[in-house]
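Engineer: sequence first, then the predicted structure:
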Amino acid sequence: MSVTSMPLETASASELVKDRLLRVIPAVEFATFADDIDAIARLKTEQDAVILAHNYMTPEIFHGVADIVGDSLALAREAQAVEAGTIVLAGVHFMAETAKLLNPAKRVLLPDLRSGCSLAESITVADIEVLRAKHPGVPVVTYVNTSAAVKAASDICCTSGNAVAVIESLGVDRVIMIPDQYLAANIAAQTGVEVITHPGACEVHEKFTPGDIEQIREDHPGVVVLAHPECPPEVVAAADSSGSTAQMNAFVVDNRPAKVALITECSMSDNIAANNPDVEMVRPCNLCPHMKRNTLSAIRRSLETGSHEVHVDPALAQPARRAIERMLEL
Ligand code: 13P
Ligand code: SF4
């Protein structure tokens, strides 16, 4: 019996997602995932847990076991509203820390503690102190891709989805926007606000070049190119539009281009393709090694053993939370 004709109450978790997953992964691979998908569904109920998954998760996580998916902004908002006792954050460390800050009574688990981020690694509190000393009175806008300590030393956070709104809300001519030099340059171009930044970069998006986009256009006439704002400004300028991962997804769903190329992490295209079989995805991509630490077996182990629980230093929690909440209030 195919899953579509099977009564829903008798279908297993893996059977329910099989048709969608088979659009983007081979049947032989699906067979190796089914046991973990079913075990994770059972464990979520036993552990009163929900899985929040970033858009860069592989399809078997994104479509197979996630309860809530989205960009960094959506995951922060959703984490705040979770009622279950445990949040498993299928993403990277700063996302789990943000969830813990926004919903401190919950147990927050990160399946692999090595899931870092080149942007979060690029900046320390001492760097912010140097910038503040050099530019007294200039507000510090910090990308969420940072540690709780760096957030605590900042005035307000932003994500790629709301950076323009955050900068404009401050009503100032100059801001310190850290740590992504490319996001800062891209936002400066959109707002007209002078942006002082820091030499951080996303190791995934900084690899793309305008030449990549030229080649894609040559090979796929008529393709619509969407670039993440963590890409260098010349890459964003060569694209048709730019936005956060959620904004890219919304663009595809709303505009249904015949062919689209997403200049971002690899799994985005797979996840959008599974939901939009009528849109042809051109797949230039760079893998994020940190996001890819999340696997079904790591998530299963996390639920089985309670590893790895994320805590935030209580001395940092209040100021870090204030910087995130100022952003969410906008
Ligand atoms: P968004 O999903 O917020 O666009 O962020 C992309 C990213 O690189 C997260 O690490
Ligand atoms: Fe960090 Fe870039 Fe990976 Fe996102 S994609 S977690 S910004 S290294």
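Structural biologist: In hand now; what should we look at? Ligands and ions are numbered 1, 2, ... in the order given.
Engineer: next secondary structure after the lengthiest helix in the chain?
Structural biologist: Looking across the chain with DSSP state H, the single longest helix is helix 27-47. Next in sequence after helix 27-47, counting helices and strands by DSSP states H and E, comes strand 49-54.
Engineer: run through the neighbouring helices and strands of the helix or strand following that following strand.
Structural biologist: Per DSSP H and E, the first helix or strand lying C-terminal to strand 49-54 is helix 59-62. Here helix 59-62 touches helix 27-47, strand 49-54, helix 266-275, helix 296-305, going by 3 or more CB pairs under 8 Å, 6 or more residues apart in numbering; DSSP states H and E. Quick note: C-beta positions are derived from backbone N, CA and C, even for glycine.
Engineer: check which helices and strands the third one sits against.
Structural biologist: Contacting helix 266-275 under the criterion 3+ CB pairs under 8 Å, 6+ apart are the following elements: helix 13-21, helix 59-62, helix 245-255, strand 259-265, strand 280-282, strand 285-286.
Engineer: now with 7 Å, please.
Structural biologist: helix 59-62, helix 245-255, strand 280-282, strand 285-286 (3 or more CB pairs under 7 Å, 6 or more residues apart in numbering; DSSP states H and E).
Engineer: what are the contacting residues of the third one?
Structural biologist: With CB atoms under 7 Å, 6 or more residues apart in numbering as the test, strand 280-282 has contacts from 216, 220, 223, 258-261, 269, 272-273.
Engineer: quick one: average pLDDT of it?
Structural biologist: Here strand 280-282 scores 96 as its mean pLDDT.
Engineer: switch to numbering from 57
Structural biologist: Okay, residue one is now 57; in that scheme the one you just asked about reads as strand 336-338.
Engineer: what pairs with it, and is each one parallel or antiparallel?
Structural biologist: If you go by DSSP bridges, strand 336-338 pairs up with strand 315-321 (parallel).
Engineer: quick check: mean pLDDT of the strand it pairs with?
Structural biologist: In the prediction, strand 315-321 has an average pLDDT of 98.
Engineer: deepest-packed of the helices and strands packed on helix 322-331, please.
Structural biologist: helix 115-118 (a mean of 26; mean count of other CB atoms under 10 Å).
Engineer: need the next SSE after that helix, C-terminal direction.
Structural biologist: Per DSSP H and E, the first helix or strand lying C-terminal to helix 115-118 is strand 124-126.
Engineer: would that following strand count as contacting ligand 1?
Structural biologist: No: Strand 124-126 lies out of reach of ligand 1 by CB under 6 Å from any ligand atom, never closer than 7.4 Å.
Engineer: is any residue of that strand near ligand 2?
Structural biologist: No: figure legend: strand 124-126 not in contact with ligand 2 (CB under 6 Å from any ligand atom); closest approach 13.7 Å.
Engineer: so where's this structure uncertain?
Structural biologist: 57-65 (pLDDT under 70).
Engineer: and for residue 184, nearest residue in space, chain neighbours not counted?
Structural biologist: Leaving aside its sequence neighbours, residue 184 sits nearest to residue 209 (CB to CB, 6 or more residues apart in numbering; 4.6 Å).
Engineer: my error: substitute residue 151 in the last question.
Structural biologist: residue 145 (5.3 Å).
Engineer: do the same with residue 225
Structural biologist: Using CB to CB, 6+ apart, the nearest residue to residue 225 is residue 386, at 5.5 Å.
Engineer: and residue 380, by the same measure?
Structural biologist: Nearest-residue entry for residue 380: residue 213, 5.0 Å, with adjacent residues in sequence omitted and distances by CB to CB, 6+ apart.
Engineer: cool, residue 113 as well?
Structural biologist: Using CB to CB, 6+ apart and skipping residues adjacent in sequence, the residue nearest residue 113 is residue 146, 5.2 Å away.
Engineer: residues near the one you found, how many?
Structural biologist: 32 (other CB atoms under 10 Å).
Engineer: which stretches in the stretch 107-256 of the chain count as strands?
Structural biologist: Here the stretch 107-256 of the chain has its strands, by DSSP state E, counting those that start in this stretch, at 124-126, 142-146, 163-165, 196-199, 212-214, 230-234, 250-252.
Engineer: show me the one of those strands that comes nearest residue 89.
Structural biologist: strand 142-146 (14.2 Å; CB to CB).
Engineer: check whether the closest one contacts ligand 2.
Structural biologist: No: applying CB under 6 Å from any ligand atom, one finds strand 142-146 separated from ligand 2 by no less than 12.2 Å.
Engineer: strands paired with that strand, and their directions?
Structural biologist: Here, using DSSP bridges, strand 142-146 pairs with strand 105-110 (parallel), strand 163-165 (parallel).
Engineer: picking up where we left off before, list only those of the contacts of strand 336-338 flagged as buried.
Structural biologist: By neighbour count, with 16 or more other CB atoms under 10 Å, those hold 272, 279, 316-317, 325, 328-329 as buried.
Engineer: wait, which of the residues you listed is closest to ligand 1?
Structural biologist: residue 328 (12.9 Å; CB to the nearest ligand atom).
Engineer: quick revisit: let me see the contact set for the residue nearest to residue 113.
Structural biologist: For residue 146, the residues meeting the contact criterion (CB under 7 Å, 6+ apart) are 107-110, 113, 117, 122, 167, 350, 355.
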